[in-house]
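K.L.:
Give me a model of this one.
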Amino acid sequence: MSQLKAVLIGAGARGAGGYAPYALDYPHELTFIAVAEADPVRRARFAEKHGIPPEHCYETWEPLLAEPKLADIAVICTQDRMHYGPTMQALDKKYHVMLEKPMSPDPKECLEMEQAARDNDRLLTICHVLRYTPFWNTIKKVIQEGRIGEIVSIQLNENVGYWHIAHSFVRGNWNNSNTSSPMILSKSCHDMDVLSWLVDQPCLKVSSFGSLKHFHEGNAPEGSADRCLDCAVEPTCAYSAPRFYLSDQFRGWAGHFTQELTKTNIIQGLRDTDYGRCVYRSDNNVVDHQVVNMEFDGGATAMFSMCGFTFEQERRIQIMGTKGELRGEEDQITVYDFLTHQKTEITIPSQTSGHGGGDSGIVRNFLNEVRHYNGQESLTSTSAAASVRSHLIAFAAEKSRLNGGESIDLNEYARQLMVKEELSK
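P.N.:
Take a look at the predicted model:
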């Protein structure tokens, strides 16, 4: 098996911690030979782990991609609104690209990236990692085997977790759609993608409701302060930052704002960074709960619910078919047969890779596609073409939510976007 070379653009949690470890575990398959990362500590740490020389360490992606082509692959894991530039440049330089989700908060940019991959005859795979996990692959296999008949309806709950929504979507990098993406993209484009994949039919109509119900100043407790460390009511607040980041359970998440996880450094970070701000006095504007209704070609429907007010961080799915029913959560899948009344339980083995095995799974699949690429359109289930379709569901859902839950015709919505794209050329 030939070793492939890659460059990494964005050495944060997803790039350095999610996908790049594959090269350390399987060095005969993949090696990173260059990195672009603005944070000097992250950049140096990644370079040391992967043996990258100083001349191939860059503060930004521009000088890296200005070089003659250095590798086979570009792994791009910048922030949501920073995907377009490096992706377009990497494709023009003939890199195969693995891009962190979402593609972009701008539907026009999504369409242009897909077209750039076609024009340059390169792979562009989006990191919808759920498809590559044993859990979701098992569910797909049960459906394909016809064990529950034809899908009639799906209910999928994404339970974000009360601490996770406070960390990432109130205090963190994805708290404001003006600087990142709407919640339906930044957190739930995985879910739009996996629902499309399971039903395996075009989505025709979408409607959505949701709001920022709780995390705003109107719900700030009397006597509370701008920062948890200065707050008289902090001991009684469920979203206390000191309780999160100084506890053994969540201390690792403090790595988003301090390199050394000592109590002294964490406390200093709570004084200096947004992660110490009151959840009711942050500059967040993304929803804390949202539902999306979908109708697919052939008549199947799906209901998706994202909510931050849950104890567990998990996904739960129920699929109702004409011959049976499937329920899944955590590592357990249960299949019910209407004819025999047989109940079959499937337990998924524990996974060491992140996202239930999806992080390593998508890298392995992508490397295999690069090795066997012959100039044809990518067969990967998370190609740019497939991702554009599921992204359009998310864009339409957000449009519906902002317009009082109006029903959006996906074909008409896509046509309007295409017309706008042509007019802008």
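
K.L.:
Report the beta-bridge partners for the closest residue in space to S383 that isn't next to it in sequence.
P.N.:
Leaving out its chain neighbours, the residue that sits closest to S383 by CB to CB, 6 or more residues apart in numbering is T125, at 6.2 Å. For glycine as for every other residue, the C-beta is placed from the backbone atoms N, C-alpha and C. Residues in a beta bridge with T125, per DSSP bridges, are M98, S383.

K.L.:
surely T125 meets M98?
P.N.:
Yes - with contact defined as CB atoms under 8 Å, T125 reaches M98; the gap is 5.1 Å.

K.L.:
Give me the more crowded residue out of those two.
P.N.:
Per other CB atoms under 10 Å, whichever of T125 and M98 has more neighbours is M98, with 28 against 25.

K.L.:
show me the contacts for that one.
P.N.:
Residues near M98 by CB atoms under 8 Å, 6 or more residues apart in numbering: Y19, I73, A74, V75, I76, T125, C127, I362, V363, F366.

K.L.:
From the residues you listed, keep the buried residues only.
P.N.:
Y19, I73, A74, V75, I76, T125, C127, I362, V363, F366 (16 or more other CB atoms under 10 Å).

K.L.:
for the helix or strand harbouring L111, which positions count as buried?
P.N.:
Using DSSP states H and E, L111 falls within helix 107-119. Within helix 107-119, the residues that count as buried by 16+ other CB under 10 Å are P107, E109, C110, L111, E112, M113, E114, A116, A117.

K.L.:
Kindly report the same for stretch 236-250.
P.N.:
Under 16+ other CB under 10 Å, the buried positions of stretch 236-250 are C237, Y239, S240, A241, P242, R243, F244, Y245, L246.

K.L.:
got a list of what the residue nearest in space to the middle of the chain touches?
P.N.:
By CA atoms, centre = their mean, the chain has its centre lying nearest to K101, at 4.8 Å. Going by CB under 8 Å, 6+ apart, K101 touches I126, C127, H128, C189, H190, D193, S387.

K.L.:
Look up phi and psi at the second one.
P.N.:
C127 has phi and psi values of phi -80, psi 60 when expressed as degrees, to the nearest 10.

K.L.:
can you give me phi and psi for I151?
P.N.:
Backbone torsions for I151, taken as degrees, to the nearest 10, come to phi -70, psi 130.

K.L.:
Model confidence score at the closest residue to it other than its chain neighbours, please.
P.N.:
If the residues on either side of it in the chain are set aside, I151 comes closest to A300, at 4.9 Å by CB to CB, 6+ apart. Per-residue pLDDT puts A300 at 98.

K.L.:
count of residues packed around A300?
P.N.:
Neighbours of A300 under the rule other CB under 10 Å: 22.

K.L.:
where in the protein is pLDDT low?
P.N.:
Counting by pLDDT under 70, the chain shows low-confidence ranges at 351-357, 375-382, 419-425.

K.L.:
now for the buried ones among the contacts of M98, which pair is the farthest apart?
P.N.:
The largest separation in those, counting by CB to CB, is between A74 and I362 at 15.0 Å.

K.L.:
which residue sits closest to H167 in space, ignoring its chain neighbours?
P.N.:
W253 (5.7 Å).

K.L.:
ok, residues contacting the helix or strand hosting K140?
P.N.:
Assigned by DSSP H and E, K140 belongs to helix 134-144. By CB under 8 Å, 6+ apart, the surrounding residues in contact with helix 134-144 are 130-131, 148, 151, 194, 197-198, 317, 319, 321, 326, 328, 331, 333, 335, 346, 348-349, 351, 356-357.

K.L.:
Mind giving me the PyMOL command for buried ones among these?
P.N.:
Paste this into PyMOL to select the buried members of those, with burial taken from 16+ other CB under 10 Å:
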select buried, resi 130+131+148+151+194+197+198+317+319+321+326+328+333+335+346+348+351+356+357
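
K.L.:
measure T78 to K205 for me?
P.N.:
Distance of T78 to K205, computed by CB to CB, to the nearest Å: 33 Å.

K.L.:
Looking at these two, which has the bigger crowd around it?
P.N.:
Using other CB under 10 Å, the more surrounded residue of T78 and K205 is T78, with 23 against 18.

K.L.:
does that one count as helix, strand or coil?
P.N.:
At T78 the chain is in coil, as set by DSSP: H, G, I helix; E, B strand; the rest coil.

K.L.:
Could you shift the numbering so residue one becomes 20, and keep it that way?
P.N.:
Sure thing, new numbering starts at 20, so read that last one as T97.

K.L.:
So which of the contacts of M117 are in helices?
P.N.:
Counting by DSSP state H, the contacts of M117 place I381, V382, F385 in helices.

K.L.:
dump the residue contacts of the residue nearest to the first one when sequence neighbours are not counted.
P.N.:
For I381, ignoring the flanking residues on the chain, the nearest one in space by CB to CB, 6+ apart is Y151 at 4.5 Å. The neighbourhood of Y151, defined by CB under 8 Å, 6+ apart, consists of G376, G377, G380, I381, N384.

K.L.:
so can I have CSV of those showing distance to A251?
P.N.:
Putting the contacts of Y151 into CSV (distance: CB to CB, whole Å) gives the following:
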residue, distance to A251
G376, 45
G377, 43
G380, 48
I381, 47
N384, 52
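
K.L.:
Going toward the C-terminus from the helix or strand hosting R290, what's the next helix or strand?
P.N.:
R290 is located in helix 282-291, with elements delineated by DSSP H and E. Downstream of helix 282-291, the first helix or strand assigned by DSSP H and E is strand 308-315.

K.L.:
Render the CA-only coordinates of that following strand in CSV, please.
P.N.:
The C-alpha atoms that make up strand 308-315 are tabulated as CSV, following Å, rounded to 0.1, in the frame of the first residue of the first chain:
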residue,chain,number,x,y,z
HIS,A,308,-33.2,24.3,19.9
GLN,A,309,-34.6,23.6,16.4
VAL,A,310,-36.8,21.2,14.7
VAL,A,311,-36.8,20.4,10.9
ASN,A,312,-39.5,18.5,9.0
MET,A,313,-38.6,16.9,5.6
GLU,A,314,-40.6,15.2,2.9
PHE,A,315,-38.7,13.0,0.4
